[in-house]
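[1] need a structure here:
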Amino acid sequence: MIDSIALADRIEDLLPQTQCTKCGYPACRPYAEAVALGTANYNQCPPGGAEGVARLATLLGKPVIPLNPANGPERPRPLAVIDENLCIGCTLCMQACPVDAIIGAPKQMHTVIAALCTGCDLCVPPCPVDCIAMEPVTGEATGWDAWTQEQADAARVRHDRRAARLTREREAAEARAAARRAVGSANPHAPSASTADSAAQGSPASSVDDAEAKKRAIIQAALERARKKKEEMAAKGAGPQNVEHVSADVQAQIDAAEARRRRLGIEGEDASQAPSAAPLAPGSSGDESPSKS
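    Predicted structure coming up:
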């Protein structure tokens, strides 16, 4: 076990840290651990490309083999670009970004910090209004020629910090929920927090319904703008391509977005034609095209 952990550490050091999941694992570290244990092959990292395979082969004392095409092609590094005219501030792209390269606020336009984006594509499928494009920014340079060790190290730090923050937030939420349950058990006849807040504010149910109706109208209008733009793109021969072979994690985000739209009562072409794919097993392909979803 100690040897496999040490080997996983060395393998992880050789990965580009884009955290793209194209290898079939949720991040670079789980993939490194799988390679160390022999449950994953060392040619499943498209961002690392042929050079990445050669690096791992040298470390493992194995022959250099081609990159597995099932995991996607080696390609120029893309940059996520958000169309601010279409963005509705849903925050789904921010939640999907593994390195906190997207900033914004609910119901406000989001933007990508170009210097921090790893080109992982994970922000594209969850977007309900199709406003994110992946644009190649490294010319003909691919793999490690389009990425540096310094960039990989920085992305790794951001990913680890994000994971630690999410853990803290989850633990805090669980602690709050446990405290509420404890209070409820001690006084089962006490009104719930939401009921008490509503009574204190004197907010009638009709005002809540009005707020929900307004929210649905705003999002429906944004979806209509996105639908028209999609029709314009289709007329020019450009349409969504990034709709197949998404990872299980990304599919879960897509499903969550669809569930939210259904709860809000949003209908229409954009809601009903959200991309769908079966969850992928480790080692299966990730997203292969730096295009819009």
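[2] May I ask which helix or strand of this structure has the lowest mean pLDDT?
    Here the helix or strand of the chain ranked lowest by mean pLDDT, DSSP states H and E is helix 269-272, holding a mean of 40.
[3] Would you mark the buried spots in the helix or strand hosting E174?
    Secondary structure assignment for E174, by DSSP states H and E: helix 149-186. Residues 151-152, 154-156, 158-159, 162 are the ones in helix 149-186 that count as buried (16 or more other Cβ atoms under 10 Å). All C-beta spots, glycine's among them, are computed from the backbone N, C-alpha and C.
[4] can you check stretch 45-59 too?
    Within stretch 45-59, the residues that qualify as buried by neighbour count (16+ other Cβ under 10 Å) are 45-56.
[5] how about the CA coordinates for it, as PDB?
    Included here for stretch 45-59 are C-alpha records, laid out as PDB according to Å, rounded to 0.1, in the frame of the first residue of the first chain:
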ATOM      1  CA  CYS A  45      -4.800  11.400 -20.500                       C
ATOM      2  CA  PRO A  46      -5.500  13.500 -23.700                       C
ATOM      3  CA  PRO A  47      -4.200  16.800 -22.200                       C
ATOM      4  CA  GLY A  48      -0.900  15.200 -21.600                       C
ATOM      5  CA  GLY A  49      -0.800  13.800 -25.100                       C
ATOM      6  CA  ALA A  50       1.900  11.600 -26.500                       C
ATOM      7  CA  GLU A  51       4.600  13.200 -24.400                       C
ATOM      8  CA  GLY A  52       2.500  12.500 -21.300                       C
ATOM      9  CA  VAL A  53       2.300   8.900 -22.200                       C
ATOM     10  CA  ALA A  54       6.000   8.800 -22.700                       C
ATOM     11  CA  ARG A  55       6.700  10.400 -19.300                       C
ATOM     12  CA  LEU A  56       4.500   7.800 -17.600                       C
ATOM     13  CA  ALA A  57       6.000   4.900 -19.600                       C
ATOM     14  CA  THR A  58       9.500   6.000 -18.500                       C
ATOM     15  CA  LEU A  59       8.500   6.200 -14.800                       C
END
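[6] and that stretch, what's its mean pLDDT?
    Stretch 45-59 carries an average pLDDT of 97.
[7] hmm, who's touching it?
    10-11, 14-16, 18, 20, 22-23, 31, 35, 42-43, 63-67, 71-75, 77, 118-119, 142-145, 147, 286 (Cβ atoms under 8 Å, 6 or more residues apart in numbering).
[8] Can you flag which of those residues belong to helices?
    Within these, residues falling in helices by DSSP state H are 10-11, 31, 35.
[9] and those, which are buried?
    Those of the ones in helices among the contacts of stretch 45-59 that meet the buried threshold are 11, 31, 35, by 16+ other Cβ under 10 Å.
[10] hey, where'd the strands end up in this protein?
    Along the chain, the stretches classed as strands by DSSP state E are 78-82, 102-103, 111-112, 132-136.
[11] can you put those in CSV and add mean neighbour count?
    As requested, the strands of the chain are arranged in CSV below (neighbours: other Cβ atoms under 10 Å):
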stretch, mean neighbour count
strand 78-82, 20
strand 102-103, 17
strand 111-112, 17
strand 132-136, 19
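[12] Out of the ones in helices among the contacts of stretch 45-59, which is nearest to R181?
    Y31 (37.8 Å; Cβ to Cβ).
[13] who's in contact with the closest one?
    For Y31, the contacting residues are 15, 23-25, 40, 44-45, by Cβ under 8 Å, 6+ apart.
[14] can I assume N41 is in contact with P66?
    No. Contact between N41 and P66 fails when scored by Cβ atoms under 8 Å: they sit 10.9 Å apart.
[15] if you count what's nearby, which of the two comes out ahead?
    Neighbour totals were compared for N41 and P66, and N41 leads with 18 against 9 (other Cβ atoms under 10 Å).
[16] quick one: contacts for the residue nearest to the more buried one when sequence neighbours are not counted?
    Distances taken as Cβ to Cβ, 6 or more residues apart in numbering place N68 nearest to N41, at 6.6 Å, with adjacent residues excluded. With contacts defined as Cβ under 8 Å, 6+ apart, the neighbours of N68 are 41, 43-44.
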